[in-house]
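Colleague: what follows is a predicted structure for the sequence shown.
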Amino acid sequence: MVLNELENNIVISCKTCACKASHTINVDDVSNDILRLKPHKADGIENASSDELINGCSELYVHLALLFNAMIFHDVTQINMLLSTLVPIPKNIESL
């Protein structure tokens, strides 16, 4: 039900350029969200730790922002990302 509604919203607004939301991710978004990660957490599949991101440099955040924007623009993702739980972090309450 929720998935169908989300898909319909994407088709109706985002794919017709009628969407009012900004679907770009900048370096500040990445760095601010990484600061909110809990330390010492691992994904269980690739054994990647949140510490690797938390202790990463600003150049890593630039590359992550570029990667995420490319994924959004081209509508693709890695299979391992589909196996994880992603929790959206809205920029403001109006985007909900």
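Modeller: Structure received.
Colleague: pLDDT at Ser58, what is it?
Modeller: pLDDT for Ser58: 93.
Colleague: okay, now it: neighbour count?
Modeller: For Ser58, the count of nearby residues is 9 (other CB atoms under 10 Å). C-betas here are computed from N, CA, C, even on glycine.
Colleague: wait, it touches Val30, no?
Modeller: No: with contact defined as CB atoms under 8 Å, Ser58 and Val30 do not form a contacting pair (9.6 Å).
Colleague: common neighbours of these two, please.
Modeller: Overlap of the contact sets of Ser58 and Val30 (by CB atoms under 8 Å, 6 or more residues apart in numbering) is empty.
Colleague: report how many residues lie close to Ser49.
Modeller: Look at Ser49: counted by other CB under 10 Å, it has 15 neighbours.
Colleague: ok, the one 3 residues further on next?
Modeller: Residue crowding around Glu52 was assessed by other CB under 10 Å; the count is 10.
Colleague: do Asn26 as well
Modeller: Counted with other CB under 10 Å, the neighbours of Asn26 add up to 14.
Colleague: now do Leu37
Modeller: Neighbour count for Leu37, taken as other CB under 10 Å: 13.
Colleague: quick check, pLDDT for it.
Modeller: Looking at Leu37, its pLDDT stands at 89.
Colleague: just say helix, strand or coil for it.
Modeller: Following DSSP: H, G, I helix; E, B strand; the rest coil, the label given to Leu37 is coil.
Colleague: out of the helices and strands in the chain, which is least certain?
Modeller: Lowest by mean pLDDT, DSSP states H and E among the helices and strands of the chain is helix 2-12, with a mean of 70.
Colleague: how about the CA coordinates for that one, as PDB?
Modeller: These are the backbone C-alpha positions of helix 2-12, laid out as PDB (Å, rounded to 0.1, in the frame of the first residue of the first chain):
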ATOM      1  CA  VAL A   2       2.600   2.600   1.100                       C
ATOM      2  CA  LEU A   3       5.000   1.400  -1.600                       C
ATOM      3  CA  ASN A   4       2.300   1.800  -4.300                       C
ATOM      4  CA  GLU A   5       1.500   5.300  -3.100                       C
ATOM      5  CA  LEU A   6       5.200   6.200  -3.100                       C
ATOM      6  CA  GLU A   7       5.600   4.800  -6.600                       C
ATOM      7  CA  ASN A   8       2.500   6.700  -7.800                       C
ATOM      8  CA  ASN A   9       3.900  10.000  -6.300                       C
ATOM      9  CA  ILE A  10       7.200   9.500  -8.100                       C
ATOM     10  CA  VAL A  11       5.500   8.800 -11.400                       C
ATOM     11  CA  ILE A  12       3.000  11.600 -11.200                       C
END
